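A.B. asks: please find the sequence and the predicted model below.
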Amino acid sequence: MNSIHSQSKEIAEVFIKSSYSVAFTGAGISAESGIPPFRGEGGIWSRYNPEVLELDFFFRQPFKSWAVIKEIFYDFFQDVKPNAGHNVLAKWEMEGLLHALITQNIDNLHQKAGNHEVYEFHGTTSRLICTYCNNIFSSESVLLEQLPPRCADCNGLLKPDFIFFGEGIPEKAYQQSIDAARKCKVFLIIGTSGEVSPANQIPALAKESGAVIIEINKEPSMYTNRISDYFLQGSAGEILSLIDHHIQSKKENHS
Ligand code: NAD
């Protein structure tokens, strides 16, 4: 197997030549910002009961559900900052090297880093939606002092605008993700185990369309040895920075 160094050099070349590149991110890219994954040791669900994200439970016990949701997704996420991995992806978008970013994350860190073309496959914590009239509110505009929060227009129960267990994928983000996967030449999979469906079907679409699949993960995933053409094992921030270093030196040599 080629070293990470030589693989990243090759990948830099592939990236520079690509006319349409897409990144697909999961919880792993935000780990270096201090956000734990949901599952496994140290995961969020080892400390909290996942029932708070079941729709049934949420409607039956909105206060109980919101108390936990607030603690995990609002009190904690609010102070979290993008890390080196997010920053490289934002820089690549600005430089015209990355054309779309599909994320399974709900933490808004790609936007905080500066990416604009972000398709939030599972929604986001940055908005709240009224479960009665569907009005949308920025989460910053809603004080979470009194729980559960209520719609300023109709007094309906507000819910974070990310999907709870069993809910469907937001239609627009779903379609945008499929379109991007179908037309891309390079598809970068970062920090995702590939265990969550239907998000895990998006990389296969890119593969079927002939894209080069580049994977970055600390551990092998469902994609490694199946669809990944390159597998770079390590932390997202470190590896993305290394690829970026090679891209920038190649660009300097070409100019
Ligand atoms: P997952 O927890 O199933 O897998 C995380 C993957 O990241 C693993 O394969 C792990 O080896 C890898 N990883 C961990 N640290 C890494 C690092 N520093 N660099 C590179 N890779 C690293 O995550 P998933 O596949 O995204 O699916 C989990 C679901 O939970 C998704 O729906 C996601 O939306 C949600 N989730 C989101 C957040 C968030 O918004 N930050 C956090 C936890 C879970």
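C.D. replies: Looks like it arrived, so ask away.

A.B. asks: domain parsing for the protein?
C.D. replies: Following automatic domain parsing, one finds the domains of the chain at 1-35+82-122+169-255, 37-79+127-162.

A.B. asks: would you mind giving the ones you listed as CSV with mean neighbour count added?
C.D. replies: Just so you know, the C-beta spots here come from the backbone N, C-alpha and C atoms, and that holds for glycine as well. As requested, those are exported to CSV (neighbours: other CB atoms under 10 Å):
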stretch, mean neighbour count
domain 1-35+82-122+169-255, 19
domain 37-79+127-162, 15
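
A.B. asks: ok, residue 161 touching residue 130?
C.D. replies: No. When contacts are counted by CB atoms under 8 Å, residue 161 is not listed as touching residue 130 (10.1 Å).

A.B. asks: between the two, which contacts overlap?
C.D. replies: With contacts defined as CB atoms under 8 Å, 6 or more residues apart in numbering, the residues shared by residue 161 and residue 130 are residue 136.

A.B. asks: distance from the chain centre to the strand or helix carrying residue 202, please.
C.D. replies: Using DSSP states H and E, residue 202 maps to helix 202-208. The chain centre lies 17 Å from the centre of helix 202-208; the measure is CA atoms, centre = their mean, to the nearest Å.

A.B. asks: show me what secondary structure element comes after that helix.
C.D. replies: In the C-terminal direction, the helix or strand that comes right after helix 202-208 (DSSP H and E) is strand 212-217.

A.B. asks: hang on, the earlier thing: mind putting the domains of the chain in a markdown table, distance to the ligand and mean pLDDT included?
C.D. replies: Shown next, in a markdown table, are the domains of the chain (distance: least, CB to the nearest ligand atom, whole Å; pLDDT from 0 to 100):
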| stretch | distance to the ligand | mean pLDDT |
| --- | --- | --- |
| domain 1-35+82-122+169-255 | 2 | 96 |
| domain 37-79+127-162 | 3 | 94 |
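
A.B. asks: dig out what residue 230 forms beta bridges with.
C.D. replies: Using DSSP bridges, the bridge partners assigned to residue 230 are residue 214.

A.B. asks: quick check: it vs residue 209, distance?
C.D. replies: Plainly put, residue 230 is 17 Å away from residue 209 if you go by CB to CB, to the nearest Å.

A.B. asks: and if you look at residue 179?
C.D. replies: 11 Å.

A.B. asks: what of residue 45?
C.D. replies: For residue 45, the distance to residue 209 - CB to CB - is 34 Å.

A.B. asks: same check on residue 87?
C.D. replies: Distance of residue 87 to residue 209, computed by CB to CB: 28 Å.

A.B. asks: same thing with residue 9?
C.D. replies: 25 Å.

A.B. asks: can you give me the helices for the stretch 1-150 of the chain?
C.D. replies: Using DSSP state H, counting those that start in this stretch, the helices of the stretch 1-150 of the chain run over 4-17, 27-31, 55-60, 62-69, 84-94, 109-113.

A.B. asks: can you list contacts of the second one?
C.D. replies: This points to helix 27-31. 35, 37-38, 80, 83, 85-86, 104-105, 107, 109, 190-192, 217-218, 235-236.
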